[in-house]
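Q: let's see this in three dimensions:
(chains A and B)
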Amino acid sequence: GNSVTQMEGPVTLSEEAFLTINCTYTATGYPSLFWYVQYPGEGLQLLLKATKADDKGSNKGFEATYRKETTSFHLEKGSVQVSDSAVYFCALDRSGGYQKVTFGIGTKLQVIP
Amino acid sequence: DVKVTQSSRYLVKRTGEKVFLECVQDMDHENMFWYRQDPGLGLRLIYFSYDVKMKEKGDIPEGYSVSREKKERFSLILESASTNQTSMYLCATGTGGAYTQYFGPGTRLTVL
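A: Got it, this is the predicted structure:
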C-alpha cells in the first residue's frame, strides 16, 4: 500500500539556520506529493505541492523537489524564522484527484531565537 | 477564502455516550473528510464523502459513522464513545480534480 516516512522530531534549530526535513514515500505509479503545515492551535494548510517527477514546489521560502528515482520529497528552507515553528506533514495522493491522501506522522519544528 | 468550521474546539464526554462532531464549509466543495490525529501516527482517514448522502470508509472506520444530508455539512458520529477514541478530530474539504484539502481547526475530544 501507500505510505509516507518522515521523522517525528522535534527538530530544533536556531533562527536563520538551514532546514531539511526528509520525506520518502512508497506508492505504485506516480502519486502527487504535498507538504502541509500545522501551526499551533490550527488545522493543516497546504504549504506546497508537486504533481509529477522533477517538479519543484515552493512557497514562503520553502522548497521541495519530487525525486522519483529516490522516492523522496525533502522539504528545505534556507533560513528559518521563529514563526516557522510548526508541525510539517508530508503526504501523497495516489487517487488521481479524488483526494484520498496518505499523510506522514508529522515533524515538529522548533525555531529558537 | 475557504472557511471550514467545526462545532467545538474542545469536548469532554463519558464512555458510552453518543457523540456528534459537526463540520460546515462555505465553499460548495463536493468532497469532505474526517481524520483523527494522534502523536506518532499522524493523520488517519476515518470516513469521506464525495456527494450528499454518499459516504465511504477510510482506513479506520470502526466505531464511527457519518452523515451528509446537506452539501455543506458533514457529521462524524461516535455511537458509543470509548477511551481509545480520545483524539484530535480534523475535518477537511476539497473539490474534485484539485489537490488541495482545506482543514478546520480541529476538535480535541476527551473520553473519560
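Q: got the residues of chain A near chain B?
A: A:8, A:32, A:34, A:41-46, A:49, A:51, A:89, A:93, A:97-101, A:103-106 (Cβ under 8 Å from any Cβ of the partner chain). C-betas here are computed from N, CA, C, even on glycine.
Q: any regions of chain B where pLDDT drops low?
A: By pLDDT under 70, the weakly predicted segments of chain B are B:1-2, B:96-98.
Q: give me that answer again for 90
A: Low-confidence segments of chain B, defined by pLDDT under 90: B:1-3, B:7, B:27, B:39-40, B:95-100.
Q: centroid-nearest residue for it?
A: The centre of chain B sits closest to B:W34, judged by Cα atoms, centre = their mean, with a distance of 3.0 Å.
Q: and the host helix or strand of that one, C-alpha only, in CSV?
A: Assigned by DSSP states H and E, B:W34 falls within strand B:31-38. Output of strand B:31-38 as CSV, limited to C-alpha atoms (Å, rounded to 0.1, in the frame of the first residue of the first chain):
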residue,chain,number,x,y,z
ASN,B,31,-15.5,16.3,-1.1
MET,B,32,-15.4,16.2,2.7
PHE,B,33,-13.2,14.2,5.0
TRP,B,34,-12.9,13.2,8.7
TYR,B,35,-9.4,12.4,10.1
ARG,B,36,-8.1,11.7,13.5
GLN,B,37,-4.7,13.0,14.5
ASP,B,38,-2.6,11.1,17.1
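Q: that strand - which strands sit beside it in the sheet, and in what orientation?
A: strand B:42-49 (antiparallel), strand B:87-94 (antiparallel) (DSSP bridges).
Q: just so I know, which of those lies nearest A:E69?
A: Of all the strands paired with strand B:31-38, it is strand B:42-49 that lies closest to A:E69, at 25.2 Å by Cβ to Cβ.
Q: in the closest one, which residues are buried?
A: B:G42, B:L43, B:R44, B:L45, B:I46, B:Y47, B:F48, B:S49 (16 or more other Cβ atoms under 10 Å in any protein chain shown).
Q: the second one: what's it in contact with?
A: In this structure, B:L43 makes contact with A:L44, A:F89, A:F103, A:G106, B:Y35, B:R36, B:Q37, B:L90, judged by Cβ atoms under 8 Å, 6 or more residues apart in numbering or on different chains.
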